[in-house]
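**Q** how would this look folded up:
(4 chains)
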Protein chains: 2
Amino acid sequence: MLKTVIEMDKAATILKLLGDKTRLTMVKILDKHDCCVCEFVEIFKTSQPSISQHLRKLRDVGLVKEERRGQWIFYSINKTNEYYPFIQQLLDQLPSQDHKLKELEEQGTRIVCC
Amino acid sequence: MLKTVIEMDKAATILKLLGDKTRLTMVKILDKHDCCVCEFVEIFKTSQPSISQHLRKLRDVGLVKEERRGQWIFYSINKTNEYYPFIQQLLDQLPSQDHKLKELEEQGTRIVCC
DNA sequence: TGCGTATATAAGCAATTAATTATATGATGA
DNA sequence: TCATCATATAATTAATTGCTTATATACGCA
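**A** Sure thing, here's the model as predicted:
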């Protein structure tokens, strides 16, 4: 089995980023589904700037990437990031957050927006 | 394979704790070797209170435990902690920090103190 | 072209964090 | 019992973080 090793500095940086419940949940969701900003605003019941700022931090270290689709900007996990295997192993130990997206669908919020 | 799942809250708390280079390195070292406070002071070239405070945080969430041996207090990983499997998987992806202890031995600092 | 929607960025502020300095506690050994 | 060593705790301070409010940008549509 290939053992990937990550430097301590980089690991600490990534863990610090993920050591925030909002960002950790975002990344867990994004690992399975692309999402746009307004969905996160709904899910976390917080302000749009707050969400944007969290996403920016994740983007700055390359964990997620953005892509414009018409009016919306979708975020997705950057699987080509050299540290993706590191976080993937971590995410696998977290409970699925699919129910959060399901709630949006039930509210109609997911469809309306994206 | 048994899949252990950890709640998001708890995971975020632990990741935040480990998202500090000093604490992450401490835990990585402790995963293989017990250490006393004065060794960490040497390794990290920082003040004793600073080291004590980091250890306290790790102790407060149960990741490490302390044990007095005569004059010294040794810290070790708490393998019975319910979140140990979570961090173990993470630690396995980090480079060994044995060289740091080796340096102490070469300096004689390890033996003198502990 | 002008308006509404989605998102990003900037500035300000309150809360949290990590380090320092000073002091307390507890064990050892003369 | 007193001095010393190892460690913990407390108080202070500077730096960092995350949120809010306000504003800017960029797209889609009438």
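**Q** from here on, just use CA atoms for contacts and neighbour counts.
**A** Will do.
**Q** pLDDT value on the residue nearest to the spatial centre of chain A, please?
**A** In chain A, the C-alpha nearest the mean C-alpha coordinate belongs to A:Val27, at 2.7 Å (C-alpha atoms, centre = their mean). On pLDDT, A:Val27 comes in at 98.
**Q** run the chain-centre distance for the helix or strand that contains it.
**A** In the assignment (DSSP states H and E), A:Val27 maps to helix A:21-30. Averaging C-alpha positions (C-alpha atoms, centre = their mean, to the nearest Å) puts helix A:21-30 5 Å from its chain's average.
**Q** swap in stretch A:7-21?
**A** Distance, centroid of stretch A:7-21 to centroid of chain: 14 Å (C-alpha atoms, centre = their mean).
**Q** same thing with stretch A:97-108?
**A** 16 Å.
**Q** in that stretch, which residues are buried?
**A** Under the neighbour-count criterion of 16 or more other C-alpha atoms under 10 Å in any protein chain shown, stretch A:97-108 has A:Lys100, A:Leu101, A:Leu104 buried.
**Q** over to stretch A:10-20?
**A** Buried residues in stretch A:10-20 (16+ other C-alpha under 10 Å): A:Ala11, A:Ala12, A:Thr13, A:Ile14, A:Leu15, A:Lys16, A:Leu17, A:Leu18, A:Gly19, A:Asp20.
**Q** let me see the contact set for A:Ile73.
**A** By C-alpha atoms under 8 Å, 6 or more residues apart in numbering or on different chains, the contact list for A:Ile73 reads A:Cys36, A:Val37, A:Glu66, A:Glu67.
**Q** export those residues to TSV and tack on neighbour count?
**A** What follows is those, written out as TSV (neighbours: other C-alpha atoms under 10 Å in any protein chain shown):
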residue	neighbour count
A:Cys36	21
A:Val37	20
A:Glu66	18
A:Glu67	12
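**Q** what does chain A put close to DNA strand C?
**A** With C-alpha under 7 Å from any atom of the strand as the criterion, chain A meets DNA strand C at residues A:36-39, A:48-53, A:55-56, A:66, A:71-74, A:113.
**Q** what sits up against the lengthiest helix in chain A?
**A** Identified as the longest helix of chain A according to DSSP state H is helix A:48-60. If you take C-alpha under 8 Å, 6+ apart as the criterion, helix A:48-60 is touched by A:Leu17, A:Thr22, A:Arg23, A:Val37, A:Cys38, A:Phe40, A:Val41, A:Val64, A:Lys65, A:Glu66.
**Q** quick one: which of those residues is nearest to A:Tyr84?
**A** Nearest to A:Tyr84, judged by C-alpha to C-alpha, of the contacts of helix A:48-60 is A:Val64 at 9.7 Å.
**Q** quick one: that closest one from DNA strand C, how far?
**A** 11 Å (C-alpha to the nearest atom of the strand, to the nearest Å).
**Q** and that residue, what are its bridge partners?
**A** A:Ile77 (DSSP bridges).
**Q** what's the local residue count around it?
**A** 23 (other C-alpha atoms under 10 Å in any protein chain shown).
**Q** which residues touch it?
**A** By C-alpha under 8 Å, 6+ apart, the neighbours of A:Val64 are A:Val27, A:Leu55, A:Leu58, A:Tyr75, A:Ser76, A:Ile77, A:Asn78.
**Q** just the angle between the helix or strand hosting A:Glu66 and helix A:48-60, please?
**A** Element membership for A:Glu66 (DSSP H and E) is strand A:64-69. Inter-element angle recorded for strand A:64-69 and helix A:48-60: 120 degrees (by axes from the mean of the first three to the mean of the last three C-alpha atoms, to 10 degrees).
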